[in-house]
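Participant: Pasting a predicted model and its sequence here:
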Amino acid sequence: MKQVWKPGDYGANNCPRCHAMVRTRFEYRTVRLARSRLCVPDLLVDVCTRCDHMISIPPQSVPQLREAGLAK
């Protein structure tokens, strides 16, 4: 069964900026896609609670990314 994350949920992940396993929090952010000028507002992402760096995007947010990519 797939995990469904909600804003405010906590998890653990490896932060590339802190170089450590950290506690993370899921929250909505505007994300700018790499190598493009496309920004996706209100995307659920995994954020490091130490440095506030976006670590990952949960699978449930992928359809929103695809939709934003098609609407260019």
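Facilitator: Received it, and whenever you're ready, just let me know what you need.
Participant: use CA for all of it now, contacts and neighbours both
Facilitator: Fine.
Participant: So which residues of this structure form strands?
Facilitator: Listed in chain order, the strands of the chain (DSSP state E) span 10-15, 20-32, 39-48, 54-56.
Participant: which residues touch the last one?
Facilitator: Residues outside strand 54-56 that contact it (C-alpha atoms under 8 Å, 6 or more residues apart in numbering) are 13-16, 45-48.
Participant: Highest mean neighbour count out of the strands of the chain?
Facilitator: strand 39-48 (a mean of 20; mean count of other C-alpha atoms under 10 Å).
Participant: Give me the sheet partners of it and which way each runs.
Facilitator: strand 20-32 (antiparallel), strand 54-56 (antiparallel) (DSSP bridges).
Participant: Grab the CA positions of it and hand them over as PDB.
Facilitator: Extracted C-alpha coordinates of strand 39-48, given in PDB (Å, rounded to 0.1, in the frame of the first residue of the first chain):
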ATOM      1  CA  CYS A  39       7.200  27.200 -11.700                       C
ATOM      2  CA  VAL A  40       4.700  24.900 -10.200                       C
ATOM      3  CA  PRO A  41       2.700  26.500  -7.300                       C
ATOM      4  CA  ASP A  42       1.400  24.700  -4.300                       C
ATOM      5  CA  LEU A  43       3.300  21.400  -4.800                       C
ATOM      6  CA  LEU A  44       3.600  19.100  -1.900                       C
ATOM      7  CA  VAL A  45       7.400  18.500  -1.200                       C
ATOM      8  CA  ASP A  46       9.600  17.000   1.500                       C
ATOM      9  CA  VAL A  47      11.600  19.700   3.400                       C
ATOM     10  CA  CYS A  48      14.600  19.400   5.800                       C
END
